[in-house]
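Engineer: The following block contains a protein sequence and its predicted model.
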Number of protein chains: 2
Amino acid sequence: MAQASGGVPRKEKAGGTVRADVAAAAPEGGIRRENLRRILTAAEQVFAEQGYGGATTAAIALRAGLPKANVHYYFSTKRDLYRAVLADILKQWLDPLAHVTPDSDPAQALAGYIRAKMRATRDRPVVSKVFAGEIIHGAEEIWGFLTADLKSLVDEKAAVLDGWIAEGRMAPVDTRHFFFFIWAVTQHYADFDAQVRAVLGRKKLTRRDFDTITAEVVRFILRGAGLSLPST
Amino acid sequence: MAQASGGVPRKEKAGGTVRADVAAAAPEGGIRRENLRRILTAAEQVFAEQGYGGATTAAIALRAGLPKANVHYYFSTKRDLYRAVLADILKQWLDPLAHVTPDSDPAQALAGYIRAKMRATRDRPVVSKVFAGEIIHGAEEIWGFLTADLKSLVDEKAAVLDGWIAEGRMAPVDTRHFFFFIWAVTQHYADFDAQVRAVLGRKKLTRRDFDTITAEVVRFILRGAGLSLPST
DNA sequence: GTCTATATGGAGATAGAC
DNA sequence: GTCTATCTCCATATAGAC
């Protein structure tokens, strides 16, 4: 672990558990709540840019506009803060899948899901990067979330797609892997944006770029599932 | 930067350049070459697991079975070692695209490329993870490679696909993004294997799993390009 | 609740005997 | 070329005045 040094945490407990919602507990408008939000937002960015090991509490404090000791007042260890950031992220991770229900039109529902994912990619790329880093490095901290919450949601939604397939409403694909494909492609534009920009020779991807890309992604994935949208 | 401490490198030059091939320079069978290989292999694994910031030279030395000072003998700084690992990786990164040439059959050529990528994913997942980490965190170290080597290769191969499209041999897709899709999906199974295993409820993906997944990936991507393989 | 000043100990890096 | 012993610095975390 980079975790360079530090007086105390000789051995960090590898939790597997992530507590929810630190910030929401504080009273609205209070200074505590405000500071928690500032710290969490700053931490999210720094963890995304530097990775857990590369991030320093000093950098987080600086970006939050608070003295370093203040960060430790709210989160006693760097790992605690990291867990809080992850908890924050997981809350929003499952939401977009709500679109997918048995009675919806396959192409419309999946397109809606993909668009929601691409919107998240565009608006909050750092979230995706922190999540990606955590998984790449073994997902110890969110293992419980992956094996319980995420797995059961995927099982449920895969069953919906299996129903569509049985009814001949989409091509026969392995539905769980199909979700992997969707995640892989959509999150690629957040996590690997540097590569995308380098290959396209673009300094920055604009909103318009994202609209174009989203349309291309939707078309590609739907075609992969034997679907297409009515051309409007 | 995690880079915790360390007596010397107060400020790390952000290179953008990656020197090639440290190990190959040494004479075959020599102890130098042997040690370089051990260190590079160990470093690759540790960087993949812990990230650059989280990796320590002590951990790398331990895994290489050498004293820490010996690592510094071959690579004066941790960043130097990291660059060498990246250089090692980049060498193999472009190879699989060789399959894609104007006169080949689109479905066969692309399937070959995808299979090669999936094989790399299966056999050397750590390579993919180090590469992913580098890009997620801004790709400073390999920016030159991305904007020069990778970009021109993609431009070249995209032109091949554009030719196929013009001849009506595959569906009209944005060919550069099509490569992004391929990379996203194939590398997903290396980089996000923890998530894949968690959702599938599998402790480990076997060779057989990989064969199945590869077939599914090939089918999906080809269908997305309006192609299919002759069922054998 | 806030923040300056400080402790603590580990991380990268080196000297120098072998 | 190798490796033990050691140096230096800085990142985490805390004490304690405000």
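Structural biologist: Received it, and whenever you're ready, just let me know what you need.

Engineer: make it CA atoms for all contacts and neighbour counts henceforth
Structural biologist: Will do.

Engineer: How far off centre is stretch A:111-123?
Structural biologist: What separates the centre of stretch A:111-123 from the centre of its chain is 11 Å, taken as C-alpha atoms, centre = their mean, to the nearest Å.

Engineer: ignore the last one, stretch A:58-70
Structural biologist: Between the mean C-alpha position of stretch A:58-70 and that of its chain there is a distance of 24 Å (C-alpha atoms, centre = their mean).

Engineer: before we move on, what about stretch A:123-136?
Structural biologist: Per C-alpha atoms, centre = their mean, the centroid offset for stretch A:123-136 relative to its chain is 5 Å.

Engineer: hey, where'd the helices end up in chain A?
Structural biologist: Secondary structure of chain A, counting by DSSP state H: helices at A:31-54, A:57-64, A:68-74, A:78-93, A:106-123, A:125-136, A:143-145, A:151-166, A:175-191, A:193-200, A:207-224.

Engineer: Please state the mean pLDDT value computed over the shortest one.
Structural biologist: So the one you mean is helix A:143-145. Per-residue confidence for helix A:143-145 averages out to 97 on the pLDDT scale.

Engineer: Enumerate the positions of stretch A:110-128 that are buried.
Structural biologist: By neighbour count with 16 or more other C-alpha atoms under 10 Å in any protein chain shown, stretch A:110-128 contains the buried residues A:110-122, A:125-128.

Engineer: Return only those of those residues found close to DNA strand D.
Structural biologist: When the buried residues of stretch A:110-128 are checked against DNA strand D using C-alpha under 7 Å from any atom of the strand, none falls in range.

Engineer: before we move on, the earlier item: mean neighbour count, the helices of chain A: which tops it?
Structural biologist: Burial among the helices of chain A, expressed as mean neighbours by mean count of other C-alpha atoms under 10 Å in any protein chain shown, is greatest for helix A:125-136, which shows a mean of 24.

Engineer: Kindly export it (C-alpha atoms) in CSV.
Structural biologist: Listed in CSV are the C-alpha atoms of helix A:125-136, where the atom choice follows Å, rounded to 0.1, in the frame of the first residue of the first chain:
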residue,chain,number,x,y,z
PRO,A,125,-16.6,10.8,-15.1
VAL,A,126,-14.7,10.8,-11.8
VAL,A,127,-17.3,8.6,-10.3
SER,A,128,-16.7,6.0,-12.9
LYS,A,129,-12.9,6.3,-12.5
VAL,A,130,-13.0,5.7,-8.8
PHE,A,131,-15.3,2.8,-9.3
ALA,A,132,-13.0,1.4,-12.0
GLY,A,133,-9.9,1.7,-9.9
GLU,A,134,-11.6,-0.1,-7.0
ILE,A,135,-12.6,-3.0,-9.2
ILE,A,136,-9.3,-3.2,-11.0
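
Engineer: Quick one: list the elements packing against it.
Structural biologist: Using 3 or more C-alpha pairs under 8 Å, 6 or more residues apart in numbering or on different chains; DSSP states H and E as the contact criterion, the neighbours of helix A:125-136 among helices and strands are helix A:31-54, helix A:78-93, helix A:175-191, helix B:125-136, helix B:193-200.

Engineer: quick check: domain ranges of chain A?
Structural biologist: Each structural domain of chain A that the record assigns through automatic domain parsing is listed here as a residue range: A:23-88, A:94-224.

Engineer: OK, contacts around the residue nearest to residue A:70 when sequence neighbours are not counted?
Structural biologist: Distance criterion C-alpha to C-alpha, 6 or more residues apart in numbering or on different chains; nearest residue to residue A:70, sequence neighbours excluded, is residue A:61 at 7.9 Å. Taking C-alpha atoms under 8 Å, 6 or more residues apart in numbering or on different chains as the criterion, residue A:61 is in contact with A:39, A:42, A:67-68, A:70-71.

Engineer: Find the residue ranges of chain A scoring beneath the pLDDT cut-off.
Structural biologist: Flagging of chain A using pLDDT under 70 yields the residue ranges A:1-21, A:25-29, A:232.

Engineer: Take the helices of chain A and write them to CSV, including distance to residue B:77.
Structural biologist: Shown next, in CSV, are the helices of chain A (distance: least, C-alpha to C-alpha, whole Å):
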stretch, distance to residue B:77
helix A:31-54, 16
helix A:57-64, 23
helix A:68-74, 29
helix A:78-93, 26
helix A:106-123, 35
helix A:125-136, 24
helix A:143-145, 34
helix A:151-166, 42
helix A:175-191, 27
helix A:193-200, 25
helix A:207-224, 40
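
Engineer: Could you point out which of the ones you listed sits nearest residue B:133?
Structural biologist: helix A:125-136 (7.2 Å; C-alpha to C-alpha).

Engineer: got the contact list for that closest one?
Structural biologist: Helix A:125-136 is contacted by residues A:44-45, A:47-49, A:51, A:86, A:89, A:121, A:140-142, A:187, A:190-191, B:48-49, B:129, B:133, B:136, B:191-195 when judged by C-alpha under 8 Å, 6+ apart.

Engineer: ok, so what distance separates the residue nearest to residue A:97 when sequence neighbours are not counted from chain B?
Structural biologist: Counting by C-alpha to C-alpha, 6+ apart, residue A:113 is the residue found nearest to residue A:97 once chain neighbours are left out, at 6.1 Å. Separation of residue A:113 from chain B (C-alpha to the nearest C-alpha, to the nearest Å): 17 Å.

Engineer: Please name the residues that touch residue A:113.
Structural biologist: For residue A:113, the contacting residues are A:96-97, A:99-100, taking C-alpha under 8 Å, 6+ apart as the criterion.

Engineer: Tell me the buried residues within the residues you listed.
Structural biologist: Using 16+ other C-alpha under 10 Å as the threshold, A:97, A:99-100 are the buried ones among these.
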